[in-house]
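Chemist: Let me see the structure of the following:
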Amino acid sequence: GALNVQWGINPGGFAAVITGSLDNQGITRIVAIDGDGGFNTFSPLWVGGGIQNSGTIRFETAGAFGNSGSFPSMDVTFGASITNLSTGLIETTVHAGPGASGNLITRQLLNHGTINHGANTTLTINNPSGDLDGADHVNSGTMNINAGAVSIGAVHSFNNSGTIQGRSLTLSGFPNGIQQGFTAVITNSGLIDMTAGGFTGNGIDSFTNTPTGQINLIGGNEAHSHFNSWVNQGNIMIDAGRALGLSGGVNAGIAENQLGGVISGNGTLSIAVGTGFTNLGTIAPGSSFGTLEVLGSIVQGSSGVLEIEVGGIDPGITHDQLTMSTGSITLGGTLRLDFQGFAPSVFDSFQIINGGVLGSFDQVELVGIQPGAQFSIDTTSGFQMTAINSWSLVCDGDANSDGAVDVNDISYVLFRLGDAGPDGDTNLDGVVDVNDISFVIFRLGIPCP
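Modeler: Numbering: from 1, shown residues only. Have a look, this model is predicted:
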């Protein structure tokens, strides 16, 4: 059936106390009303054994009518846990009064259904003080943070295999009483889709975005601070104007984009000084063509891939670019250039990495370009810019790229004799010499594709 718990106008204690547990299969409505425009904290309900919900629960705070200065707050205690089953719906709303807040004091949140968090309110979930192990939370359902913010404190673990979307979500670890370290373990194997605010983790032992995990930072930032280990094995997309911030803090955390992990987009990857970041997966700047900015330093390991799409010569507009605004990238692994059928002209230049560069790639893969393409890769060590300049032969022997192998190509090679190439180096041996003339003669009259 229906259970309504309502309390207001400077109450004391709880409106309702249930020493056991509550199994809600109907509609439970919990309301705190500020009838006099004061600044009050209401405690309408205390359930010692926790709650299981397969129906609907609504938490509502309402300010005084016509009084915009009313800031009601509501504390609801579920001593053991909140278990929202697959058919369950939990809603939080504010009818009036900006800045209203609600605190759910519980040891554990297990959501397998739907949570809709409404406007103008902060929902705080915090396990009782003195529980030094922290709390284990699970979301396999849907959390819609439509407005306001949700903050979950004293986290021992948080496992998301469902969907979290909307605005601000904060997960805070719990300091271990003996080691004074952070024990929170956060795992995402579902979808985190932030359209405003941000997704923040503080005081974390480990964060893992698994191979099935997807994090979209569309209108919100993601920030992880004071962690020991941060790992991405899935997909993280950082939209323009958004940022993924990583800071190991005093823990000097290690961050890895592991094999299979993809970080893409037009936003900013911000890595704090002292936090090590290694790319063993794929970094793919842009969404189509675009620029990914990096604040801090990156080391690309042997399995790491920098994936660049090329459709023209304008960085960030017709080809992707990685911009190292501060720090540097230590190269290794693979540079994969996907030309998508685009055929560069002789002397076309592509600035793929802008900023500090150390070392060189182990290999360069060319995708979507005609055979016979030639490239010169100019890598400046230290913190200098790496420029990748690419030229393309229309076909083997076509030294001047006019679409035909003829005597004009012999003249072009003679003009370039003695150069180091690649321009005029038709046999791709690193020097323009008589062997390139012989190669053109060998190809004379053979149609180009």
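
Chemist: just the helices in this structure please.
Modeler: Applying DSSP state H to the chain gives helices spanning 407-416, 434-443.

Chemist: which outside residues touch the last one?
Modeler: Right, helix 434-443. Helix 434-443 has contacts (CB atoms under 8 Å, 6 or more residues apart in numbering) with 395-399, 405, 409-410, 413-414, 417, 424-427, 429. In short, each C-beta sits where N, CA and C put it, glycine included.

Chemist: what's the spacing between it and its chain's center?
Modeler: What separates the centre of helix 434-443 from the centre of its chain is 52 Å, taken as CA atoms, centre = their mean, to the nearest Å.

Chemist: Now render the helices of the chain as TSV, adding mean pLDDT.
Modeler: Output for the helices of the chain, formatted as TSV (pLDDT from 0 to 100):
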stretch	mean pLDDT
helix 407-416	90
helix 434-443	89
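
Chemist: tell me the contacts of the residue positioned nearest the centre of the chain?
Modeler: When CA atoms, centre = their mean is applied to the chain, the residue found nearest the centroid is Ile236 (3.7 Å). Contact analysis of Ile236 by CB under 8 Å, 6+ apart lists 209, 214-215, 217, 222, 244, 261-265.

Chemist: In terms of model confidence, name the weakest of those.
Modeler: Lowest pLDDT within the contacts of Ile236 is found at Glu222 (79).

Chemist: didn't it look like it was pressed against Asp193?
Modeler: No. Shown here, Glu222 and Asp193 do not form a contact pair, counting by CB atoms under 8 Å, at 11.3 Å.

Chemist: Return every residue with contacts to both of these two.
Modeler: Ile215.

Chemist: So for these two, which sits in the more crowded spot?
Modeler: Glu222 (23 against 18; other CB atoms under 10 Å).

Chemist: Distance of the more buried one relative to Asn408?
Modeler: 56 Å (CB to CB, to the nearest Å).

Chemist: give me the low-pLDDT residue ranges for the stretch 1-150 of the chain?
Modeler: Applying pLDDT under 70 to the stretch 1-150 of the chain flags residues 1-2, 4-15, 31-44, 61-75, 79, 94-105, 119-123, 126-134, 147-148.

Chemist: try the stretch 301-449 of the chain
Modeler: 345-346, 369-395, 421-422, 449.

Chemist: Which residue ranges of it form strands?
Modeler: 305-309, 321-330, 334-338, 349-358, 363-367, 374-378, 386-391 (DSSP state E, counting those that start in this stretch).

Chemist: I'd like the ones you listed as a markdown table, with distance to Thr200 and mean neighbour count appended.
Modeler: Putting these into a markdown table (distance: least, CB to CB, whole Å; neighbours: other CB atoms under 10 Å) gives the following:
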| stretch | distance to Thr200 | mean neighbour count |
| --- | --- | --- |
| strand 305-309 | 28 | 22 |
| strand 321-330 | 22 | 19 |
| strand 334-338 | 33 | 20 |
| strand 349-358 | 27 | 20 |
| strand 363-367 | 37 | 13 |
| strand 374-378 | 40 | 15 |
| strand 386-391 | 34 | 20 |
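
Chemist: Which one, of those, ends up nearest to Ser54?
Modeler: The closest of the strands of the stretch 301-449 of the chain to Ser54 is strand 305-309. By CB to CB, the value is 46.0 Å.

Chemist: What pairs with that closest one, parallel or antiparallel?
Modeler: strand 282-285 (parallel), strand 334-338 (parallel) (DSSP bridges).

Chemist: out of the strands of the stretch 301-449 of the chain, nearest to Thr92?
Modeler: Of all these, it is strand 321-330 that lies closest to Thr92, at 39.7 Å by CB to CB.

Chemist: pLDDT on stretch 284-291, on average?
Modeler: Stretch 284-291 carries an average pLDDT of 93.

Chemist: Pull the CA coordinates from it and hand them back as CSV.
Modeler: Taking C-alpha atoms only, stretch 284-291 is exported to CSV below (Å, rounded to 0.1, in the frame of the first residue of the first chain):
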residue,chain,number,x,y,z
ALA,A,284,43.2,8.6,-30.3
PRO,A,285,42.9,12.4,-30.4
GLY,A,286,39.8,14.0,-31.8
SER,A,287,36.3,12.8,-32.5
SER,A,288,36.7,12.4,-36.2
PHE,A,289,39.4,15.1,-36.6
GLY,A,290,40.4,17.0,-33.5
THR,A,291,43.0,17.8,-30.8
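
Chemist: can you pull the buried residues of that stretch?
Modeler: 284-287, 289-291 (16 or more other CB atoms under 10 Å).

Chemist: before we move on, the earlier item: which of the contacts of helix 434-443 are buried?
Modeler: Taking 16+ other CB under 10 Å as the criterion, what is buried in those is 395-399, 405, 409-410, 413, 424-427.

Chemist: Bridge partners for Leu110, pull those for me.
Modeler: Thr83, Val138.

Chemist: what number of residues lie near it?
Modeler: Applying other CB under 10 Å, we find 20 residues neighbouring Leu110.

Chemist: Which residues are in contact with it?
Modeler: Going by CB under 8 Å, 6+ apart, Leu110 touches 81-84, 137-138.

Chemist: In the sheet, which strands lie alongside the longest strand along the chain, parallel or antiparallel?
Modeler: Under DSSP state E, the strand in the chain containing the largest number of residues is strand 142-160. Sheet partners assigned to strand 142-160 using DSSP bridges are listed as strand 114-117 (parallel), strand 121-126 (parallel), strand 135-139 (parallel), strand 163-173 (parallel), strand 184-188 (parallel).

Chemist: Let me have those in TSV, adding mean neighbour count as columns.
Modeler: Output for the strands paired with strand 142-160, formatted as TSV (neighbours: other CB atoms under 10 Å):
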stretch	mean neighbour count
strand 114-117	21
strand 121-126	20
strand 135-139	21
strand 163-173	21
strand 184-188	22
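
Chemist: Turn these into JSON lines, including distance to Leu444.
Modeler: Putting those into JSON lines (distance: least, CB to CB, whole Å) gives the following:
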{"stretch": "strand 114-117", "distance to Leu444": "72"}
{"stretch": "strand 121-126", "distance to Leu444": "77"}
{"stretch": "strand 135-139", "distance to Leu444": "69"}
{"stretch": "strand 163-173", "distance to Leu444": "63"}
{"stretch": "strand 184-188", "distance to Leu444": "60"}
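
Chemist: Nice, that's everything, thank you.
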